[in-house]
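Chemist: Need a 3D model of the following:
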Amino acid sequence: MILSHHSSRVSSTATAVTVSVSMVLAGLAAAAPAGAVEETPPSILNEHVSQEGTPQGELSLTDGEVVSFDADGVASYDAPELPDAPPSTGDRSPGATMGMYQKSLASAAHLSDESEQSMARIAGGDAEADGTTTTESGAASETPLDPAGEAPAADVPVAETPAADAPASGSPETDQAQVGPAGAMSMVVVNGAWQPAGIQGMDVSGWQPSVNWSREYSLGARFAYVKATEGTSYRSPAFNSQYIGSYQTGMIRGAYHFAIPSRSSSGAAQADYFVNNGGGWSADGKTLPGLLDIEYNPYPAYGDVCFNLTHSEMRNWIKSFSDRYKQRTGRLPAIYTATDWWVQCTGNTNMFNDHPLHIAQWTNSPGPMPNGWNTHDIWQYSDRGPFSGDSNVYGGSWGQLQDMARNASYKPLGGRAPAAAAGPFVDVSPSNQFVREITWVKDRGYLNGWPDGTFRPVQPIDRDAMAAVAYRLAGSPAYTPPARSPYRDVATTHQFYKEITWARSAGYLTGWPDGTFRPNNKITRDATAAMFYRMAGSPAYTPPATSRFPDIHRGQQFYREIHWFAAQGITTGYANGTYRPLNTTNRDAMAAFIYRYIN
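Modeler: Next up, the predicted model:
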């Protein structure tokens, strides 16, 4: 249950938690034999981030299990603290977690017995890394998803009657009775904690510096939210390994942002920070929409429980965040809140009931819903188990949870469907084959439209516009164009004079021997490949001895560049296998090329 009295703040239990956790860690040190060499903690293999900061890779296995381990976080686990103001990246504090205002430090730092034991083994040097391989998708090979994308059943307490809409799925390596792909079950006790019926999940943050994801999965967790950011100055150091670890065991996972709504930090700015640091979304069926954690202010420096904002200011702040998140990702974020906070701080508005609702209520009932929703999508029912962090349950079927992960137009279980998405331009509909790419380049200013709101997707792109695109892709560097034009057909007053002369100086687009640039000529597909090759730094590349395209032959101009272009996955050619080098490049195809080149 969310409390509304400031007297319940976390500081009252700091001493007790410090003592209890110190005893645990002291026991770990005593358990390690004298002179023992500490084992290398789990690391991320092939780690990289996407264009939007999403961590990717695989965790190395520990004792055959997927365990995220933040050594710095474990080292400070015996001294948890919440400052008076939000932290910055690199600070000792992990900041606020879901429900922070009403949590004790003990519940904020809650770990399941299984995860706490794993942390003990690793910290004590008793864990061993092994050579178990991982799949390219990041899922551990011992617990693969089946071809239909259904997760195998776990070793969880079995209900007498599994959920009717849970497809039968199981692992051949266990003879446990099946409970459905998402651990759907009747009300049971797991790890000494009460658990309601439904598809089980969890949420974690830097307060959980070590999580044994294999064991959490075995307990029944099938989805997870992981704290990525807070405000515009803090990115959780545990985020990468937690986000990867949950995915690696087969969970559907998503990132969440702890909001610091204020008059000096807009919702849009915080949405940008969130997306840039891992809070994006993709329709891969394994990524939940980014979650906006909007709740009681836990920081005295920011005033009252509503961050000193009026109802209208809070509503406008949430809308600013939501609008920008949708602009950046193509879908609305989910909202985590408590009904009494929503009433107190937004005036109980119903304007956001097209967003999935993650409700907090730590009792045996989710209680009344905020205005506009008649039920929840996710209910956070416990801060003390059975899972590490907080324990959650999804209110619908496994198929509906998958739909929430993959469908930008997902209808909340208790709300209204989001408005039909509009295209980025009046002549680019949501069903356009390149709508994602066109929206992406528009949002970043790489390709713009016309004052009448059109993009003109099937219009060929001119050479002058291509020079402008190249300049923008390079970051619009400082450049002073020559006072006298190097081309007799490009005046110094030309709209793209600076970009054209910059592209010439960079060697990306040059002119003809007759001194012309021919700015209004349409750029061809072979020249497009050459330009991207040059922008990439003309990397060493040996083209195939035999052309992959029947209309491209060795010795042909741009043979190397075209095959490099294809080898990078930027172009695939046409369905009949041809490349059509002398065809013009249309604006929609250029948007796709730019998107693939950057990503």
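
Chemist: going forward, measure contacts between C-alpha atoms and count neighbours the same way
Modeler: OK.

Chemist: domains for this protein, by residue range?
Modeler: 6-143+183-406, 435-598 (automatic domain parsing).

Chemist: most neighbours per residue, which of those domains?
Modeler: Neighbour counts (mean count of other C-alpha atoms under 10 Å) averaged over each of those peak at domain 6-143+183-406, with a mean of 21.

Chemist: centre of the chain versus it, how much separation?
Modeler: Computed by C-alpha atoms, centre = their mean, to the nearest Å, the chain-centroid distance of domain 6-143+183-406 equals 13 Å.

Chemist: Can you verify my assumption that Gly206 contacts Ala238?
Modeler: Yes. Gly206 is within contact range of Ala238, at 5.4 Å (criterion: C-alpha atoms under 8 Å).

Chemist: which residues are in contact with both of the two?
Modeler: Gly73 (C-alpha atoms under 8 Å, 6 or more residues apart in numbering).

Chemist: Turn the domains of the chain into TSV, including distance to Arg416 and mean pLDDT.
Modeler: Output for the domains of the chain, formatted as TSV (distance: least, C-alpha to C-alpha, whole Å; pLDDT from 0 to 100):
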stretch	distance to Arg416	mean pLDDT
domain 6-143+183-406	5	82
domain 435-598	24	94
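
Chemist: any chance of those in CSV, plus distance to Ser429?
Modeler: Below are the domains of the chain laid out as CSV (distance: least, C-alpha to C-alpha, whole Å):
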stretch, distance to Ser429
domain 6-143+183-406, 13
domain 435-598, 7
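
Chemist: among the ones you listed, which is nearest Phe425?
Modeler: domain 435-598 (5.4 Å; C-alpha to C-alpha).

Chemist: Endpoint to endpoint, that closest one covers what distance?
Modeler: 17 Å (C-alpha to C-alpha, to the nearest Å).

Chemist: And that domain, how far out from the chain middle?
Modeler: On C-alpha atoms, centre = their mean, the centre of domain 435-598 falls 31 Å from the chain's centre.

Chemist: and Ala566, how far is that from Pro544?
Modeler: In this view, Ala566 and Pro544 are 11 Å apart by C-alpha to C-alpha.

Chemist: ditto for Ser115
Modeler: 51 Å.

Chemist: Which residues are in contact with Ala468?
Modeler: Ala468 touches Phe496, Glu499, Ile500, counting by C-alpha under 8 Å, 6+ apart.

Chemist: Tell me which of these fall in helices.
Modeler: Glu499, Ile500 (DSSP state H).

Chemist: closest to Ile294 among the contacts of Ala468?
Modeler: When the contacts of Ala468 are compared for distance to Ile294 (C-alpha to C-alpha), Glu499 wins out at 44.0 Å.

Chemist: I'd say the closest one and Met466 touch.
Modeler: No. Here Glu499 does not reach Met466: they are 9.1 Å apart, not a contact under C-alpha under 8 Å.

Chemist: want to throw the contacts of Ala468 into JSON lines with distance to Val305?
Modeler: Listed next are these as JSON lines, based on distance: C-alpha to C-alpha, whole Å:
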{"residue": "Phe496", "distance to Val305": "52"}
{"residue": "Glu499", "distance to Val305": "51"}
{"residue": "Ile500", "distance to Val305": "55"}
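
Chemist: which one among the contacts of Ala468 gets closest to Ser265?
Modeler: For the contacts of Ala468, the nearest to Ser265 is Glu499 (34.6 Å; C-alpha to C-alpha).

Chemist: Leaving out chain neighbours, which residue sits closest to that closest one?
Modeler: Ala468 (5.2 Å; C-alpha to C-alpha, 6 or more residues apart in numbering).

Chemist: do Arg331 as well
Modeler: Ala408 is the one closest to Arg331 (C-alpha to C-alpha, 6+ apart), at 5.0 Å.

Chemist: Does that neighbour belong to a helix, a strand or coil?
Modeler: coil (DSSP: H, G, I helix; E, B strand; the rest coil).

Chemist: Then Gln242?
Modeler: The three-state label given to Gln242 by three-state DSSP is helix.

Chemist: Pretty sure it sits against Ser214.
Modeler: No. Judged on C-alpha under 8 Å, Gln242 makes no contact with Ser214 at a distance of 11.9 Å.

Chemist: Roughly how far does Ala334 sit from Asn521?
Modeler: Distance from Ala334 to Asn521, counting by C-alpha to C-alpha: 47 Å.

Chemist: Many thanks, I have nothing further to ask.
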